[in-house]
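Trainee: What follows is a protein structure lacking sequence information:
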């Protein structure tokens, strides 16, 4: 742990996790300074003032470069001139996740992956509750770890969603159970469009793990398999467990004859049929396997695992049924912010579809969706900054592509072209920030527009 008391510590970024880590360090005697490149909402200014933490907005001053060390909020990219200058002058930089972990006294279960990590994090929280176990859910979803650690203890588990941005500046972060669901192209704009750099960030989840910790990896995902190979080459690797929807694994969980099975410590167990699971789609079978395996190695009973796999209903903005109107399903999948998430969404339905795509592009190749688009989608409605790129790339792939200027226009267009027995799917493959505050805001507006249809 870095020395904190009476040290000048700068926090770059005044979003929720930045303010949380500033308050945490301030309480432990640090001399904090929060610096925000843009403007701060009134509530953030009031919060910092009440805590006695000085701040600045609309740019970073010399006070940042005079800091003994710096905490980087996940929204601040390494490519920013300020971060580059800090690196050049060899100022130590840590993520909020790293700093918060210094104070944590609880077992940690951490989940990362390009797709599915929010679902699995919520699913784990559901499992712990059904098992009667104390747990706090946070990290990249919900509450920042910095707001949880001072109530941590061995009697409760920290269940954390972890993003690549949070892992970019970790040194000592060491989860007891670490899950890697998959690595597919995403956020490449933050990694100079270098997939290997993005994958390396995800793999930092395991950097500090040793034989006393557990790594859970998806045997069906090529990059997760490659990660397992790299971990096995280490001198003191964590205990490696894998899971697969395609067949048996050496140690872990898998599906065989539509039955979920465990092989742990040499003991084989049949858990339940996949037909008893509450969430549809092969990707959710995979997510359920990851959840079940993490629960089992955390000594949660098979009865609780079966109950959670059967009853968990998913998370908002992820393949969420908004309404069935005139025989047409309207599905909100606003959380699908990359190509692979859209691919999984398309695999979850078996009827003709209208697909609403677009937003702020993160380096997508929409042609990766060609097969499911040809099989299922008769109309693509493109919006946002990416709409012309989508139209250019998918021309000739689907019968009809149209561009619109607003989400309202997209919903009205979908309502005119969708037919009874079909599905309208909002699954954007893009970030939301060109038109919305967040993917949640995008999903909420979509749901309101769909419910308003007469």
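Mentor: Arrived safely, thanks for sending. What you see is a predicted model, and the numbers here were worked out from it, not measured in a lab. Numbers count the residues shown, from 1 in each chain.

Trainee: Please report how far residue 192 lies from residue 115.
Mentor: Distance of residue 192 to residue 115, computed by CB to CB, to the nearest Å: 22 Å. Bear in mind the C-beta positions are built from the backbone N, C-alpha and C, glycine included.

Trainee: what pairs with residue 329 across the strands?
Mentor: Bridge pairing for residue 329 (DSSP bridges) gives the partners residue 324, residue 423.

Trainee: pretty sure it is touching residue 423, no?
Mentor: Yes: counting by CB atoms under 8 Å, residue 329 does reach residue 423; the two are 4.4 Å apart.

Trainee: Can you show me the helices along the stretch 351-454 of the chain?
Mentor: Secondary structure of the stretch 351-454 of the chain (DSSP state H, counting those that start in this stretch): helices at 370-376, 387-394, 407-417, 439-451.

Trainee: Neighbour count for residue 192 and residue 115, which is higher?
Mentor: Neighbours per residue (other CB atoms under 10 Å) separate residue 192 from residue 115, with residue 115 holding more: 28 against 10.

Trainee: On the three-state scheme, the more buried one is what?
Mentor: When classified by DSSP: H, G, I helix; E, B strand; the rest coil, residue 115 comes out as coil.

Trainee: contacting residues around it?
Mentor: Residue 115 is in contact with 181, 182, 184, 186, 283, 338, 340, 341, 344, counting by CB atoms under 8 Å, 6 or more residues apart in numbering.

Trainee: least confident pick among those residues?
Mentor: The lowest pLDDT within those belongs to residue 186, with 65.

Trainee: re earlier: scan the contacts of residue 115 and report the most crowded one.
Mentor: residue 186 (27 neighbours).

Trainee: what's residue 405 in contact with, if anything?
Mentor: With contact set as CB under 8 Å, 6+ apart, residue 405 has these partners: residue 383.

Trainee: How much space separates it from residue 54?
Mentor: Residue 405 is 42 Å from residue 54, by CB to CB.

Trainee: what do you get for residue 66?
Mentor: Using CB to CB, residue 66 is found at 13 Å from residue 54.

Trainee: go on, residue 416?
Mentor: Residue 416 is 55 Å from residue 54, where distance means CB to CB.

Trainee: Show me which of the two is the more surrounded one.
Mentor: residue 54 (13 against 8).

Trainee: my guess is the more buried one meets residue 22, correct?
Mentor: No: counting by CB under 8 Å, residue 54 sits too far from residue 22 to count as a contact (9.9 Å).

Trainee: Skipping its backbone neighbours, what lies nearest residue 302 in space?
Mentor: Closest residue in space to residue 302, ignoring its immediate chain neighbours: residue 271 at 6.1 Å, by CB to CB, 6 or more residues apart in numbering.

Trainee: Show me what the helix or strand where the one you found lies is packed up against.
Mentor: Here residue 271, judged by DSSP states H and E, is contained in strand 267-273. Helices and strands touching strand 267-273, by 3 or more CB pairs under 8 Å, 6 or more residues apart in numbering; DSSP states H and E, are strand 259-264, helix 302-311.

Trainee: and of those, who's closest to residue 349?
Mentor: Of all the helices and strands packed on strand 267-273, it is helix 302-311 that lies closest to residue 349, at 21.4 Å by CB to CB.

Trainee: Taking strand 259-264 as reference, get the angle to that closest one.
Mentor: Helix 302-311 runs at 140 degrees relative to strand 259-264, counting by axes from the mean of the first three to the mean of the last three CA atoms, to 10 degrees.

Trainee: By mean pLDDT, flag the weakest helix or strand of the protein.
Mentor: Among the helices and strands of the chain, helix 339-347 carries the lowest confidence by mean pLDDT, DSSP states H and E, at a mean of 89.

Trainee: Give me the distance between residue 93 and residue 203.
Mentor: 19 Å.

Trainee: Then residue 435?
Mentor: Residue 435 is 33 Å from residue 203, where distance means CB to CB.

Trainee: same thing with residue 135?
Mentor: Here residue 135 is placed at a distance of 25 Å from residue 203 (CB to CB).

Trainee: Give me the buried positions along stretch 371-380.
Mentor: 372, 373, 376, 377, 378, 379, 380 (16 or more other CB atoms under 10 Å).

Trainee: Okay, now it: how far is its last residue from its first?
Mentor: Start-to-end span of stretch 371-380 (CA to CA, to the nearest Å) is 14 Å.

Trainee: Could you do stretch 416-436 as well?
Mentor: In stretch 416-436, first residue to last residue: 24 Å (CA to CA).

Trainee: mind listing what's buried in that stretch?
Mentor: Result for stretch 416-436 [16+ other CB under 10 Å]: buried residues 418, 422-432, 435-436.

Trainee: so which pair among those is furthest apart in space?
Mentor: Greatest spacing in those, by CB to CB: 422 and 431 (27.2 Å).

Trainee: where along the stretch 1-150 of the chain do the strands fall?
Mentor: Under the criterion DSSP state E, counting those that start in this stretch, the stretch 1-150 of the chain contains strands at 8-12, 31-35, 55-56, 69-72, 92-95, 108-112, 134-139.

Trainee: hang on, the earlier thing: what touches both of residue 54 and residue 22?
Mentor: Common neighbours of residue 54 and residue 22 (CB under 8 Å, 6+ apart) are 32, 34, 48.

Trainee: So the last one is in contact with residue 35, correct?
Mentor: No: if you go by CB under 8 Å, residue 48 and residue 35 don't touch, sitting 11.1 Å apart.

Trainee: that older thread, which one of the shared contacts of residue 54 and residue 22 is nearest residue 214?
Mentor: Checking these against residue 214 by CB to CB gives residue 32 as the nearest, at 35.2 Å.

Trainee: how about low-confidence regions in the stretch 201-350 of the chain?
Mentor: Within the stretch 201-350 of the chain, not a single segment meets pLDDT under 70.

Trainee: I should have written the stretch 51-200 of the chain there, sorry.
Mentor: Scanning the stretch 51-200 of the chain for pLDDT under 70 picks out 186-188.

Trainee: could you pull out the helices for it?
Mentor: Applying DSSP H, counting those that start in this stretch to the stretch 51-200 of the chain gives helices spanning 62-65, 81-88, 96-101, 117-130, 164-167, 195-203.

Trainee: What's the local residue count around the nearest residue to residue 276 once chain neighbours are set aside?
Mentor: Spatially, and ignoring its direct neighbours in sequence, residue 276 is nearest to residue 310 (5.4 Å; CB to CB, 6+ apart). For residue 310, the neighbour count with other CB under 10 Å is 14.

Trainee: hang on, the earlier thing: quick one: which of the shared contacts of residue 54 and residue 22 is most hemmed in?
Mentor: Within the shared contacts of residue 54 and residue 22, neighbour counts (other CB under 10 Å) peak at residue 34, which reaches 30 neighbours.
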